[in-house]
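# below is the sequence, then the predicted model.
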Amino acid sequence: MRRTKTNAASHTALRRAIFALAFLSLLNSLVLPMPFTNASARDGRAANSTAVEHAAAPARAQDTAAAQAQAREAYGKVSLTFEANEGQTDPRVNFLTRAGGATVFLTPTEAVFALAVPNTGAGAATASKTLDPRARAAAAAPQQTAVLRMQIAGANAQAAVKGLEKQEGIVNYFVGSDPEKWHTNIPTYGRVEYAGVYPGVGLVYYGDGGRLEYDFVVEPGADASQVALKFEGADDLQLGANGDLLIKTAAGEVRQQKPVVYQESDGVRQEVESGYVLKGGGAVGFSLGAYDASKKLIIDPVLAYSTYLGGSRDDVGNAIAVDSAGDAYVAGTTSSFNFPVTNSSGNNVFQDVFVTKLNAGGSALVYSTYLGGGHDDAATGLALDPAGNAYITGLTNSQTGEFPTSANAAQKTYGGGTDDAFVMKLNASGSALLYSTYLGGSGEDDGNGIALDSAGNTYVTGVTRSTDFPVVNAFQPHFGGGVFDAFVTKLSADGSAFRYSTYLGGSNPDFGAGIAVNSSNANFTDVYVAGSTSSSNFPRTIISNTLSGGTDAFVV
């Protein structure tokens, strides 16, 4: 059964509370839920996860927590940007953007919206938030997409296109195993302009926060009646009582607000009465009141789909970390960037890892990097080193040859089962994959938490049901039993070798959730792991020798 990655991305609220209260002084960067800029996040449905930076003094932990809270607030306010198509998607596409849980592809004659269809299966929303992979697997179902095409009726297919207001941020793609097909340093823009979509009429797309807006700019003397739209992939079109255009899709209702039409004279805006006209067959025109044809006319609809759409498996931020300069790094899972080749609903949507860096002021994205293969991939843990390199763990069911692994990877091939854990390192600009490795056996393996020592070695914890999980210099060399064991693995600084790797568990399910290190001693590194267990024979020494109930938290 195909897995949906967001199912593996989070812990229950109860476990979050236990870990936060019991281990806050130990795990210096326990991260709370971080909303990604989409409807599911605003509904409180975004997944939760822990991310751990270097161990430090309690004062620094408090500073880091405050910086993370500030970064979470700022991240949701950053306006959308448009990335140029430099080979990362279909050649018909000029620019693409992501907003409100949708991916939007722009061409001279249409805007194509790939919208995730909400999963309404019983228990899916609850199961997607549990750390227990059994519950996640029970709720797993293929993510589907609805495709809505907003065509500019009769538009010039040769309209000149350019990006305006170039942004600081860049975009990178490490998708698939062939480095020749990776794309880096893709520029982003604040606006996209199509000149001459009709004679004397231009079209400009731009963002207003997380919303997509577009303006038809009718030059003096041009014919405004040329401007018309046609929607394909809509189940129904209706006019709301307030004049909004209601577009019914399999993903929910897309609402295009009543257009604002205006002219300016001596810096003063004069509104022109306007509205939509339904013409049948998906065609929509604009009714316009009296205006001065000798002056420029602006027709400005607003797409408000992000308010109305969203399911339990939209784009989700799962982990966040903050560097010493206050820049925030967010990792999670995002819908596929693949351009939909048909206008039908029901296509499976695969998801990829994203890592995004936001500047300290919260005003701009520094980079967004996408990583993954031909199937589902999710980031669930994130850590930083002092140089700003980002280390990511999570899970993938992209097979050997699909997933981007490095030539020196400690485990170059997919272990098997429903998914493997992975460990990746990105450079400070997000534009180079310094290493990437699988971590897993023939069963299910999920990475949950990641930490670094002062030498750059990486420590990962998570869960495994593989009886052949890669063990090296193991404290516990054999699977403990039950369904799942926790694991703890140390990876060398260059990602080429497992320094040690061990099971951690008893005869019932055990889950590794968070990890931190203390490498202040030059001769050794202490490693601290938090998680949950229902094993009465879980390896333990002090404090509590007796399982208090069905499931206990643990610290090792």
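Arrived safely, thanks for sending.

# now the residue of the chain positioned farthest from its centre: how far from Pro259?
Taking CA atoms, centre = their mean, the residue of the chain most remote from its mean C-alpha position is Ser294, at 46.6 Å. Here Ser294 is placed at a distance of 21 Å from Pro259 (CB to CB, to the nearest Å). Where C-beta positions appear, they are placed from N, C-alpha and C, glycine not excepted.

# ok so, going back, what sits against the residue farthest from the centre of the chain?
220-221 (CB atoms under 8 Å, 6 or more residues apart in numbering).

# could you check how many residues crowd around Glu219?
Residues lying near Glu219 (other CB atoms under 10 Å) number 12.

# need the contact list for it.
By CB under 8 Å, 6+ apart, the contact set of Glu219 is 200-202, 296.

# and Asp494, by the same measure?
Residues in contact with Asp494 (CB under 8 Å, 6+ apart) are 408, 435.

# okay, now Gln167: neighbour count?
Here the number of neighbours of Gln167 (other CB under 10 Å) works out to 17.

# that one is in contact with Leu365, isn't it?
Yes: if you go by CB atoms under 8 Å, Gln167 and Leu365 touch, sitting 7.3 Å apart.

# where do the helices sit along the stretch 51-200 of the chain?
Per DSSP state H, counting those that start in this stretch, the stretch 51-200 of the chain carries helices over the ranges 58-75, 124-127, 133-139.

# worst average pLDDT in these?
Among those, helix 124-127 carries the lowest mean pLDDT, at a mean of 38.

# counting by contacts, list what the helix or strand hosting Ile298 packs against.
Assigned by DSSP states H and E, Ile298 belongs to strand 297-303. In terms of contacts (3 or more CB pairs under 8 Å, 6 or more residues apart in numbering; DSSP states H and E), strand 297-303 is packed against strand 211-218, strand 252-265.

# of those strands, which stretch is the most buried?
Across the helices and strands packed on strand 297-303, averaging neighbours per residue (mean count of other CB atoms under 10 Å) puts strand 211-218 on top, at a mean of 21.

# direction included, what does that one pair up with?
Here strand 211-218 is paired, per DSSP bridges, with strand 201-208 (antiparallel), strand 297-303 (antiparallel).

# now the angle between strand 252-265 and that strand, please.
40 degrees (axes from the mean of the first three to the mean of the last three CA atoms, to 10 degrees).

# distance from the chain centre to strand 211-218, please.
The chain centroid and the centroid of strand 211-218 are separated by 26 Å under CA atoms, centre = their mean, to the nearest Å.

# pLDDT of the following helix or strand past that strand, averaged?
Following strand 211-218 in sequence order, the next helix or strand is strand 228-232 (DSSP H and E). The average pLDDT within strand 228-232 is 96.

# and stretch 294-312, by the same measure?
For stretch 294-312, the mean per-residue pLDDT is 69.

# how about stretch 204-214?
Averaging pLDDT along stretch 204-214 yields 85.

# now swap in stretch 89-103 and tell me
Average pLDDT, stretch 89-103: 86.

# do stretch 447-465 as well
On average, stretch 447-465 scores 95.

# could you give me the buried positions within that stretch?
Within stretch 447-465, the residues scored as buried using 16 or more other CB atoms under 10 Å are 447-454, 456-465.

# cool, and stretch 482-502?
482-493, 495, 498, 501-502.

# in strands, which of these appear?
When the buried residues of stretch 482-502 are checked against strands (DSSP state E), the matches are 485-491, 498, 501-502.

# tell me if the residue farthest from the centre of the chain really is in a helix.
No: assessed with DSSP: H, G, I helix; E, B strand; the rest coil, Ser294 is coil; it does not lie in a helix.

# how much space between it and Glu402?
Counting by CB to CB - Ser294 and Glu402 are separated by 59 Å.

# and for Ser454?
In terms of CB to CB, Ser454 sits 35 Å off from Glu402.

# same check on Asn389?
As for Asn389, its distance to Glu402 is 25 Å (criterion: CB to CB).

# would you agree Gln429 is in contact with Tyr367?
In this structure residue 429 is Ser, not Gln. Yes: if you go by CB under 8 Å, Ser429 and Tyr367 touch, sitting 6.3 Å apart.

# now do the shared contacts for the two.
When contacts are counted by CB under 8 Å, 6+ apart, Ser429 and Tyr367 have Ile170 as shared neighbours.

# between the two, who's got more neighbours?
Neighbours were counted for Ser429 and for Tyr367 using other CB under 10 Å; Tyr367 has more, 24 against 16.

# so which helix or strand takes in that one?
Assigned by DSSP H and E, Tyr367 belongs to strand 365-372.

# now do that strand: which elements does it pack against?
In this structure, strand 365-372 packs against strand 160-175, strand 351-358, with contacts taken as 3+ CB pairs under 8 Å, 6+ apart.

# what angle separates the longest one from strand 201-208?
Taking the same axes, to 10 degrees, one finds that strand 160-175 is oriented at 40 degrees with respect to strand 201-208.

# okay, strand 160-175 in CSV with CA atoms only?
The C-alpha trace of strand 160-175 is given here as CSV (Å, rounded to 0.1, in the frame of the first residue of the first chain):
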residue,chain,number,x,y,z
ALA,A,160,5.8,38.2,-23.8
VAL,A,161,6.5,37.1,-20.2
LYS,A,162,9.0,38.4,-17.6
GLY,A,163,9.5,38.3,-13.9
LEU,A,164,9.4,41.6,-12.0
GLU,A,165,10.7,42.6,-8.6
LYS,A,166,13.4,39.9,-8.3
GLN,A,167,13.6,38.5,-4.7
GLU,A,168,16.5,37.6,-2.5
GLY,A,169,15.4,34.0,-2.3
ILE,A,170,16.4,31.1,-4.6
VAL,A,171,14.9,27.7,-5.2
ASN,A,172,16.7,24.3,-5.5
TYR,A,173,15.6,20.9,-6.6
PHE,A,174,17.4,17.6,-5.8
VAL,A,175,14.8,15.2,-7.1
